[in-house]
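Asker: have a look; sequence and predicted model below, questions after that.
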Number of protein chains: 2
Amino acid sequence: MSEKATSPMFARVALIGIGLINSSLARVLRRDGLAGHIAICARTRATLDKAMALGLADSATIDPGVAVQDADLVVIGTPLGAYADVAQNMASNLKAGCIVTDVGSVKEAVIRTVAPHLPQGVHLVPAHPVAGTEHSGPEAGFAELFENRWCIITPPAGTDPAAVERVVELWRHAGMKIQMMEAERHDKVLAITSHVPHLIAYTIVGTATDLEGDLRDEVIKFSAGGFRDFTRIAASDPTMWRDIFLTNKEAVLEMLGRFSEDLIALRRAIRRDEGQTLYDVFSRTRQIRRGVIDAQQHIPPKSPKNNAG
Amino acid sequence: MSEKATSPMFARVALIGIGLINSSLARVLRRDGLAGHIAICARTRATLDKAMALGLADSATIDPGVAVQDADLVVIGTPLGAYADVAQNMASNLKAGCIVTDVGSVKEAVIRTVAPHLPQGVHLVPAHPVAGTEHSGPEAGFAELFENRWCIITPPAGTDPAAVERVVELWRHAGMKIQMMEAERHDKVLAITSHVPHLIAYTIVGTATDLEGDLRDEVIKFSAGGFRDFTRIAASDPTMWRDIFLTNKEAVLEMLGRFSEDLIALRRAIRRDEGQTLYDVFSRTRQIRRGVIDAQQHIPPKSPKNNAG
């Protein structure tokens, strides 16, 4: 993973957004010498200054059009709601042969939003490295974030295979396993594995917050055991998650509908004292946990060396 | 924590049930020399043999009446659904002055189910050590399970204060912080911090399980990130949880009702593209996480030395 390339994989890389994911990617690029020049772009100078102070890049600008000048690879790492503006602002400065990729948690919306702006000869290869912590910002990133996790790549039909292969190679350097997938399929899978679980965590933490004063204090005090895990998930970045739900609306609403039906069925079983029904549901789910452990997905993210996590 | 008492705190202790919690308590009793004699009771000889082989007790029987003979302290650690039978079977053999306590996750039902059977002069001090992992059985227990966690003690009005104090002392030895609480209050708090979160985890894992074959396999494969945490929670003991929902029915249904209303409100916001609503909810919950971290409840349970956890 740490082999230095003789000449860098990409002469010039532009990272649009320098939050948890892109700053972790920057650390991988630095560690493995994968980029000749790293240009970063963020909405505020303060963020850029922080990132530069961390040694993450060679140049910084708040203008996406400037950042992508001469770039061989552009990685969009902003909240999904910003993609349209980013695409509009950078499109005319993209050189032919440039690969535009991203790290967003929803894929169909990326294709819908970005593709129309891209000039001929520029390759769009949407990707989703399925990794993260609940922390935010350039200081939160670390190179090992991606190790042994999956990266799902969803190129639209007809995308240049050589461009796809370079994105694959990039994420392999970061230690990821690669899965090619249709964008629509990705969005369905992520709706159930990530988006709806997050929404549920946000909801229950909110429900607990709305209890009367003393009860709420006791809830926080005795939060070990179930609730603690939910509070961690519900501490995730509000902007990122707002945009995920707005851009993956159909799949999320479908999975939410199924979940709600199943929850009401269990509620009914409780009300009607149907112990056997409850027992059967709870036993079946134990098996799924075994499946997750077998698929090695039960190991939580590594702690960053510089971050208490 | 490891001081050996000159004469043991309890001459004779009976542990009814020898699962995760009671076997962890047994290890504490052994470590600190808190019991002259430990008698264990379980439903099957196989479980008793396993526990004896682990050195957890001095005598073993499948008959609660035999186990509690001459006991100064009886700790009920069976699933809540078994309490009535246990109480009936042991009641006539309880000596005067004996303290009967438990470790169950619901408290009002304990008082309702057990108290009527107890003879005069026997003290009922229900307790709930809020600690655990998703594993089961005498081999899963470890002495450090309780360290720095809360133990909620819910004696009915009029309980002998000296008896309560002994139970307090017991759990302090295990490293717990002690909270006295009304049983009904306990059940409400636990409904929101533990019972409803578990039900939700069970539900979403079940919803994912019901998806069509390929989609389900992909869900397991890409389960890091939200879903993974839910599968761990949903691997908890089905018997224990069935009984929790059946015995804490009112509080669970109330909290479930609130949760469902809040979820539907968020669903509506998504359907109506109400980004600001989503953002506001998600920002507010970040604050709760900060509260949990301040209350030191974000630290997951220690790994047992002998258990991969």
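Answerer: On my side now, so go ahead.
Asker: I would like the residues contacting stretch A:201-218, please.
Answerer: By C-beta atoms under 8 Å, 6 or more residues apart in numbering or on different chains, the residues outside stretch A:201-218 that reach it are A:219, A:227, A:229-231, A:233-234, A:241, B:185, B:188-189, B:192-193, B:196-197, B:200, B:226, B:255, B:258-259, B:262-263, B:266, B:281-282, B:284-285, B:288-289. The way it works is simple: take the backbone N, C-alpha and C, and place the C-beta from them, glycine included.
Asker: let's see which of those residues end up in helices.
Answerer: Counting by DSSP state H, the part of those found in helices is A:219, A:227, A:229-231, A:233, A:241, B:185, B:188-189, B:196-197, B:200, B:255, B:258-259, B:262-263, B:266, B:281-282, B:284-285, B:288-289.
Asker: show me what from the stretch 51-200 of chain A comes close to chain B.
Answerer: A:81, A:130-132, A:134, A:149-150, A:152, A:179, A:185, A:188-190, A:192-200 (C-beta under 8 Å from any C-beta of the partner chain).
Asker: repeat that for 6 Å
Answerer: Residues of the stretch 51-200 of chain A lying close to chain B by C-beta under 6 Å from any C-beta of the partner chain are A:130, A:149-150, A:189, A:192-194, A:197-198, A:200.
Asker: any chance of these in TSV with neighbour count and pLDDT as columns?
Answerer: Compiled in TSV, those are given as follows (neighbours: other C-beta atoms under 10 Å in any protein chain shown; pLDDT from 0 to 100):
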residue	neighbour count	pLDDT
A:V130	25	92
A:R149	22	92
A:W150	23	94
A:V189	28	92
A:I192	28	91
A:T193	26	89
A:S194	24	90
A:P197	27	91
A:H198	23	91
A:I200	26	93
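Asker: which one of those sits closest to B:G65?
Answerer: Relative to B:G65, the closest of those is A:I200; by C-beta to C-beta it sits at 45.4 Å.
Asker: how close does that closest one sit to A:F146?
Answerer: 26 Å (C-beta to C-beta, to the nearest Å).
Asker: then A:G175?
Answerer: On the measure of C-beta to C-beta, A:G175 and A:F146 end up 5 Å apart.
Asker: between those two, tell me which one has more neighbours.
Answerer: Set A:G175 next to A:F146 and count neighbours by other C-beta atoms under 10 Å in any protein chain shown: A:F146 wins out with 26 against 17.
Asker: for that one, what are its contacts?
Answerer: Shown in contact with A:F146 (C-beta atoms under 6 Å, 6 or more residues apart in numbering or on different chains): A:129, A:131, A:174-176.
Asker: least confident of those?
Answerer: Among the contacts of A:F146, A:A131 carries the weakest pLDDT, at 90.
Asker: that residue in helix, strand or coil?
Answerer: Under DSSP: H, G, I helix; E, B strand; the rest coil, the three-state class of A:A131 is coil.
Asker: count of residues packed around it?
Answerer: For A:A131, using other C-beta under 10 Å, the count is 24.
Asker: could you find the closest non-adjacent residue to it?
Answerer: A:R149 (4.3 Å; C-beta to C-beta, 6 or more residues apart in numbering or on different chains).
Asker: quick check: that neighbour vs A:W241, distance?
Answerer: For A:R149, the distance to A:W241 - C-beta to C-beta - is 19 Å.
Asker: repeat for A:E139
Answerer: Taken as C-beta to C-beta, the span from A:E139 to A:W241 is 20 Å.
Asker: which one of these two has more residues nearby?
Answerer: Applying other C-beta under 10 Å to A:E139 and A:W241 shows that A:W241 carries more neighbours, namely 23 against 18.
Asker: what about the residue lying closest to the more buried one once chain neighbours are set aside, neighbour count?
Answerer: Of all residues not flanking A:W241 in the chain, B:F282 sits nearest, at 5.4 Å (C-beta to C-beta, 6+ apart). When neighbours are defined as other C-beta under 10 Å, B:F282 has 25 of them.
Asker: per-residue pLDDT, B:F282?
Answerer: In this model, B:F282 carries a pLDDT of 90.
Asker: the helices in the stretch 101-250 of chain A, which residues?
Answerer: A:108-114, A:161-173, A:183-190, A:196-209, A:213-221, A:227-233, A:238-247, A:249-271 (DSSP state H, counting those that start in this stretch).
Asker: quick one: mean pLDDT over the first one.
Answerer: The one in question is helix A:108-114. Mean predicted lDDT for helix A:108-114 stands at 96.
Asker: do the same with stretch A:40-59
Answerer: pLDDT averaged over stretch A:40-59 gives 97.
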